[in-house]
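Peer 1: With the sequence up front, the predicted model follows.
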Amino acid sequence: MPLVGAARIDCLEGLTPPPLGDVRLPEARALAGYDRFTVNGGMDSPHLEIAERAEERIHAYTRELFAAMGDKRHFIFASSSTTPAATPWENLRYFRDAARAYGRL
């Protein structure tokens, strides 16, 4: 991430938070050391594929993530390189609704 910031790269697709990676999205901009770095992600496989109590859990996750992101002007809430085939269609609607509810600046 420091090399990304030093290169003044504006955005990376594929930031991978735990449990699949090691870049926590709320910390990505600080790790890059570049205040204009745009964080892209948040809709990762473990959350897209939630099966039990999906609406409740997706809303809670999204609310916490958006609160932790702080200034969201340089944040794109999206899936990474793909949406897994196992993603229930309803989960995409839950993410949409949660983003509308909690994504205001």
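Peer 2: Everything's here; your move. Residues are numbered from 1 along each chain as shown.
Peer 1: What strand or helix carries the spatially most central residue of the chain?
Peer 2: Nearest to the mean C-alpha position of the chain, counting by CA atoms, centre = their mean, stands residue 42 at 1.5 Å. Mapping residue 42 onto the secondary structure by DSSP states H and E places it in strand 39-43.
Peer 1: Next SSE downstream of that strand?
Peer 2: If you walk from strand 39-43 toward the C-terminus, the next helix or strand you reach (DSSP H and E) is helix 45-48.
Peer 1: buried sites along the longest helix along the chain?
Peer 2: For the chain, the helix that runs over the most residues, judged by DSSP state H, is helix 54-69. Neighbour counts over helix 54-69 (16 or more other CB atoms under 10 Å) mark 54, 58, 59, 61, 62, 65, 66, 69 as buried. From N, CA and C alone the C-beta is placed, and that goes for glycine too.
Peer 1: quick check: mean pLDDT across it?
Peer 2: For helix 54-69, mean pLDDT is 97.
Peer 1: on that earlier part again, show me what the strand holding residue 42 is in contact with.
Peer 2: Outside strand 39-43, the residues that touch it by CB atoms under 8 Å, 6 or more residues apart in numbering are 11-17, 25, 28-29, 62, 65, 69, 74-80, 83, 95.
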